[in-house]
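Novice: generate a structure from the sequence data that follows.
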Amino acid sequence: MIIHKEYALKRFCEAPLEHKFSKFLLEKLLQNSDLMERLVFVATRDYFPNTMLVAQAGASEKGFVLELGTLESEQITLVNGRLLKEKKTNREARIEDPLEAWQVLQDFRGTLHVQLVFKDETPDWYEELMLPSEAVSKNVLVPGFAAFIREQIDLVLWGVILKDQIEQALETKDETLFRKSARLYKQVCQSCFWKLS
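Specialist: Model prediction:
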């Protein structure tokens, strides 16, 4: 049996929903064929930039959340001679009211990744529609590995900058800048997976 998105949303709405206006939003989605075409069901919203979560009453998750333009990044900065790693999350929009979300979604033109959260076990008809987890793993690096790669790239870039500072200090005979840059460069070389020379 082929399950369609429309069927899934109608079936999901048969049970009471955690947020009282979620059913209104889902009914509006059903009437908007353009948005329905760009809707993708997922098991988890992790790794996706444009997501919506809708929960049935009594489910373990929050009732309703729409997040558009969510990007997570890690940055390495130099503070008082020490390298500090900082994780940042940037969001274009985070909305917890389905009525407000509907206003925003009317102008939205991207793919919307939707996670439906059930009070009990996830039914087979929903699992049949979800984006397979192997499709996510091909497009997205494992979070720990991705963070490691980003960190290593940041360290290489710091190494290039510090090496340039060392050369400038040698040219200008600035002993203070040379000592500071050389000490930091040594720390970066010890932390970096790749050999810097």
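Novice: list of residues touching stretch 102-110?
Specialist: 24-25, 28-29, 32, 35, 38, 49-50, 66, 68, 93, 95, 112 (Cβ atoms under 8 Å, 6 or more residues apart in numbering). Backbone N, C-alpha and C define where each C-beta goes, glycine included.
Novice: 7 Å instead, please
Specialist: Contacts to stretch 102-110, defined as Cβ atoms under 7 Å, 6 or more residues apart in numbering, come from residues 25, 28, 35, 38, 50, 66, 68, 93, 95.
Novice: and the residue nearest the centre of the chain?
Specialist: residue 47 (4.1 Å; Cα atoms, centre = their mean).
Novice: next up, phi/psi of that one, please.
Specialist: phi 80, psi 0 (degrees, to the nearest 10).
Novice: which pLDDT value goes with it?
Specialist: In this model, residue 47 is scored at 70, pLDDT.
Novice: just among the contacts of stretch 102-110, which is most surrounded?
Specialist: Most neighbours among the contacts of stretch 102-110, by other Cβ atoms under 10 Å: residue 66, with 24 neighbours.
Novice: return the list of helices and strands in contact with the helix or strand hosting that residue.
Specialist: Assigned by DSSP states H and E, residue 66 belongs to strand 64-68. Here strand 64-68 touches strand 51-55, strand 93-95, helix 98-105, going by 3 or more Cβ pairs under 7 Å, 6 or more residues apart in numbering; DSSP states H and E.
Novice: residue furthest from the geometric center of the chain?
Specialist: Largest centre distance within the chain, by Cα atoms, centre = their mean: residue 173, 46.2 Å.
Novice: relative to residue 165, how far out is that residue?
Specialist: 14 Å (Cβ to Cβ, to the nearest Å).
Novice: burial count for residue 104?
Specialist: Neighbours around residue 104, by other Cβ under 10 Å: 13.
Novice: same deal with the one 5 residues further on?
Specialist: Burial of residue 109, expressed as a neighbour count using other Cβ under 10 Å, amounts to 7.
Novice: could you look up the SS state of it?
Specialist: coil (DSSP: H, G, I helix; E, B strand; the rest coil).
Novice: same question for stretch 8-23, mean pLDDT?
Specialist: 91.
Novice: now stretch 110-130: buried residues?
Specialist: 112-118, 126, 129-130 (16 or more other Cβ atoms under 10 Å).
Novice: mind listing the strands in this protein by residue range?
Specialist: 39-41, 51-55, 64-68, 71-79, 82-90, 93-95, 112-117 (DSSP state E).
Novice: weakest of those by average pLDDT?
Specialist: strand 71-79 (a mean of 61).
Novice: on that earlier part again, can you say which of the helices and strands packed on strand 64-68 is packed in most?
Specialist: strand 51-55 (a mean of 24; mean count of other Cβ atoms under 10 Å).
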